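S.K.: after the sequence you'll find the predicted model.
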Protein chains: 2
Amino acid sequence: MATRVVAGIDIGGTNTKLGLVDQQGTTHRSQRIKTGEYSNSSFAEYMLAIRNCIEEMIKGAEQDLELIGLGFGAPNGNHYTGTIEYAPNLVWNQIHSITDEMKKYYNLPVAVTNDANAAALGEMKFGGAKGMQNFVMLTLGTGLGSGIIVNGQLVLGHDGFAGEIGHSSFVLDGRPCNCGNKGCFEAYVSSIGILKSARELIQENQENTSLSSIPTEELSVKHIHYAAMEGDALSIQIFKQTGEALGTKMAEIVSYLSPEAIFLFGGITKAGDFLFPHIEGEMNRRVMKVFKNKVKVLPSELSAQNAAILGASALLW
Amino acid sequence: MATRVVAGIDIGGTNTKLGLVDQQGTTHRSQRIKTGEYSNSSFAEYMLAIRNCIEEMIKGAEQDLELIGLGFGAPNGNHYTGTIEYAPNLVWNQIHSITDEMKKYYNLPVAVTNDANAAALGEMKFGGAKGMQNFVMLTLGTGLGSGIIVNGQLVLGHDGFAGEIGHSSFVLDGRPCNCGNKGCFEAYVSSIGILKSARELIQENQENTSLSSIPTEELSVKHIHYAAMEGDALSIQIFKQTGEALGTKMAEIVSYLSPEAIFLFGGITKAGDFLFPHIEGEMNRRVMKVFKNKVKVLPSELSAQNAAILGASALLW
């Protein structure tokens, strides 16, 4: 008997990742398309390339696979309409229908949501949130995405765009954010935000940190982590500051949603003890008495490699 | 045939309001117990008084009524456990089980939640949120309560205490709040918070406002409203500032939940055009592009008189 699989497709500005995922979360085949190679193509042509890639994967698989649906994680993906809408990092930056394009090729369920929502579903289906009914996922990358699960369901809101905690205010009228507003949480806690804070701190403490030897434009969160492990006080301070910012925002999340856990996804979770105790300390210091020491702060259990594919497939599993 | 009713009971520090509500939202009988009269009684005795009051109302009704359940709105009411937990404004300020007490007298469903959650359910069942699947209710009184509806369901969170937007941060480490934290939204936008801001502004502008003739301890939001209607610039400014604070917090709410509408409940909604345009203006200025001019800001359609009773009964209807 053929193994039933869902195609999980993660659309990113740089790469489009595809995989065939079974109900246990095993990825049978995976591939990658450079999204940029289609920058002169129509959206329909890009969708056709995705379809061709799916067909190749099915044919190339060792086992007999039966495709039962397609799940897409995409920037500004709208679950209600099956579209992507004004995605800032894609050349197709108007409203484009993924479901309409895929219906040309498949008579199967097609589901779309944004990447952070997909990650939350992936965590619930295949990761550390198995069995949880109420939790929040924060994905830290270039930006900061979030997916909210309430009563076992994804929170999509009235228009499909709920879960933009990265664009809730952190410092009123503070740093400019890519979204056009000021002071968004993402402007402080994301790779870009953390590195901006780090550069400010390095500037003020040039003599006292090994980080000042790294050219500004090459500085990464990884460098800061390595320096922290070698005892660099400023690097340790950067993680403390980031952890406190996360803890402050998480206290807010708890007051809204009282989740069982808040998951963090992204390379920064590798910072471990440089980061998590500060998150938990600050969150518990700031929440109401009734919430103190109740909410778990956990690193995602999905591997960075195929979290997006698993999450996109979880839309249908 | 007897008309089926739910007993809606709103437990407050000053008054306990009771009513018998049918499925259309008609209150057949209502009564009031002074909560303070039971301040030397056990919780069980107070619950017995509520039971006796319900029985009196049923007997005194003109129509034949069939009681089919009891809904309680109570400070720190926990839907999952049927208890009130550490309610700061009640003499019974440990964990007390409403459902256990009521089961002594009735073999009927008993549901408990906090007053703001009850108000949200009342708005959905009997008020302006009929047919809405995603909305938020903010109740402005002495404090600021909130009830969140997602996918047509009340958001209770992992422990039953979700929806404490009044205790999310507004000004980091700002004004002390009754909850023990600092800078909570409730410390700025609630009767107490607004009057505190008003007194600060009056202090700075003594000569230029009719409000300075009112003794500080007597000042109320009503006074400010009357003065605004007579053209007092400072009073108009107080509502503008309050509206902008609400708009700022609502922009945050939208980024989390993308609701169809945010409802305001409380006497302050009477300020109408002194308040609402500032709320909407500030909210739409601060939200991401995808949310602009989408979310309605509406006054509750429930009457102040029996909103709490209707809301409590809506727990079961």
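M.R.: Perfect, thanks for sending it.

S.K.: can you pull the residues of the stretch 1-150 of chain A lying near chain B?
M.R.: A:76, A:85-86, A:133-134, A:148, A:150 (Cβ under 8 Å from any Cβ of the partner chain). All C-beta spots, glycine's among them, are computed from the backbone N, C-alpha and C.

S.K.: of all pairs in those, which one is the farthest apart?
M.R.: A:Tyr86 and A:Gln133 (32.3 Å; Cβ to Cβ).

S.K.: got the domain ranges for chain A?
M.R.: Domain assignment of chain A by automatic domain parsing yields the ranges A:3-124+A:305-314, A:131-299.

S.K.: out of those domains, nearest to B:Glu62?
M.R.: Closest of the domains of chain A to B:Glu62 is domain A:131-299, at 40.6 Å (criterion: Cβ to Cβ).

S.K.: A:Val110 against A:Met102, yeah?
M.R.: Yes: shown here, A:Val110 and A:Met102 form a contact pair, counting by Cβ atoms under 8 Å, at 4.6 Å.

S.K.: mind listing the shared neighbours of those two?
M.R.: A:Leu70 (Cβ atoms under 8 Å, 6 or more residues apart in numbering or on different chains).

S.K.: can you show me the helices along chain A?
M.R.: Per DSSP state H, chain A carries helices over the ranges A:43-60, A:98-103, A:115-126, A:191-204, A:221-229, A:233-257, A:276-286, A:307-314.

S.K.: most tightly surrounded among these?
M.R.: Neighbour counts (mean count of other Cβ atoms under 10 Å in any protein chain shown) averaged over each of those peak at helix A:307-314, with a mean of 30.

S.K.: need the residues that contact that one.
M.R.: For helix A:307-314, contacts defined as Cβ under 8 Å, 6+ apart pick out A:5-10, A:12, A:17-19, A:21, A:25, A:27, A:30, A:71-73, A:115, A:117-127, A:265, A:300, A:302.

S.K.: can you tell me which of the residues of the stretch 1-150 of chain A next to chain B are buried?
M.R.: Listed as buried from the residues of the stretch 1-150 of chain A next to chain B are A:76, A:85, A:133-134, A:148, A:150; burial here means 16 or more other Cβ atoms under 10 Å in any protein chain shown.

S.K.: can you put the helices of chain A in JSON lines and add mean pLDDT?
M.R.: Formatted as JSON lines, the helices of chain A follow (pLDDT from 0 to 100):
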{"stretch": "helix A:43-60", "mean pLDDT": "96"}
{"stretch": "helix A:98-103", "mean pLDDT": "97"}
{"stretch": "helix A:115-126", "mean pLDDT": "95"}
{"stretch": "helix A:191-204", "mean pLDDT": "94"}
{"stretch": "helix A:221-229", "mean pLDDT": "96"}
{"stretch": "helix A:233-257", "mean pLDDT": "97"}
{"stretch": "helix A:276-286", "mean pLDDT": "98"}
{"stretch": "helix A:307-314", "mean pLDDT": "92"}
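
S.K.: any chance of those helices in CSV, plus distance to A:Lys294?
M.R.: Shown next, in CSV, are these (distance: least, Cβ to Cβ, whole Å):
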stretch, distance to A:Lys294
helix A:43-60, 43
helix A:98-103, 39
helix A:115-126, 19
helix A:191-204, 27
helix A:221-229, 29
helix A:233-257, 8
helix A:276-286, 9
helix A:307-314, 26
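
S.K.: ok, which of those comes nearest A:Lys292?
M.R.: Taking Cβ to Cβ, helix A:276-286 is the member of the helices of chain A nearest to A:Lys292, at 5.3 Å.

S.K.: figure out how far that closest one is from the centre of its chain.
M.R.: The chain centre lies 22 Å from the centre of helix A:276-286; the measure is Cα atoms, centre = their mean, to the nearest Å.

S.K.: now check it, is it near chain B?
M.R.: Yes: using Cβ under 8 Å from any Cβ as the criterion, contacts between helix A:276-286 and chain B involve A:Arg286.

S.K.: mind listing residues that contact that helix?
M.R.: Residues outside helix A:276-286 that contact it (Cβ under 8 Å, 6+ apart) are A:239-240, A:242-244, A:246-248, A:250-251, A:254, A:264, A:292-293, A:295, A:297, A:299, B:169, B:181.

S.K.: likewise stretch A:17-29?
M.R.: Stretch A:17-29 is contacted by residues A:3-10, A:30-33, A:50, A:53-54, A:57-58, A:60-61, A:63, A:65, A:67, A:125-126, A:306, A:308-310, A:313, A:317 when judged by Cβ under 8 Å, 6+ apart.

S.K.: one more time with 6 Å, if that's ok
M.R.: A:3, A:5-10, A:30-32, A:53, A:57, A:61, A:126, A:306, A:308-310, A:313, A:317 (Cβ atoms under 6 Å, 6 or more residues apart in numbering or on different chains).

S.K.: please apply the same query to stretch A:89-98.
M.R.: Contact partners of stretch A:89-98, identified using Cβ under 6 Å, 6+ apart, comprise A:13, A:39, A:43, A:72, A:75, A:82-87, A:112.

S.K.: now, these that are in strands?
M.R.: Counted as lying in strands by DSSP state E, out of those, are A:72, A:83-85, A:112.

S.K.: where does confidence bottom out across these?
M.R.: Note: of the ones in strands among the contacts of stretch A:89-98, the lowest pLDDT belongs to A:Glu85, at 90.

S.K.: right, and that residue touches A:Pro75 too?
M.R.: No: taking contacts as Cβ atoms under 6 Å, A:Glu85 lies outside contact range of A:Pro75: 9.4 Å.

S.K.: how close does A:Ile262 sit to A:Arg286?
M.R.: Applying Cβ to Cβ, to the nearest Å, the value for A:Ile262 to A:Arg286 is 13 Å.

S.K.: one more: A:Ile98?
M.R.: Distance of A:Ile98 to A:Arg286, computed by Cβ to Cβ: 40 Å.

S.K.: and A:Asn117, by the same measure?
M.R.: 26 Å.

S.K.: hang on, the earlier thing: may I see the PyMOL selection of the buried members of the contacts of stretch A:89-98?
M.R.: To isolate the buried ones among the contacts of stretch A:89-98 in PyMOL, judged by 16+ other Cβ under 10 Å, type:
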select buried, chain A and resi 43+72+75+82+83+84+85+87+112
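
S.K.: tell me which of the ones in strands among the contacts of stretch A:89-98 is nearest to chain B?
M.R.: A:Glu85 (7.0 Å; Cβ to the nearest Cβ).

S.K.: what residues are up against the closest one?
M.R.: By Cβ under 6 Å, 6+ apart, the residues touching A:Glu85 are A:76, A:78, A:95.

S.K.: swap in 8 Å and give it another go.
M.R.: A:76, A:78, A:95, B:290.

S.K.: A:Lys240 too?
M.R.: Applying Cβ under 8 Å, 6+ apart, the residues near A:Lys240 are A:274, A:278.

S.K.: if we use 6 Å, what do you get?
M.R.: Residues in contact with A:Lys240 (Cβ under 6 Å, 6+ apart) are A:His278.

S.K.: report the separation between it and A:Leu211.
M.R.: Look at A:Lys240 and A:Leu211: by Cβ to Cβ, they are 15 Å apart.
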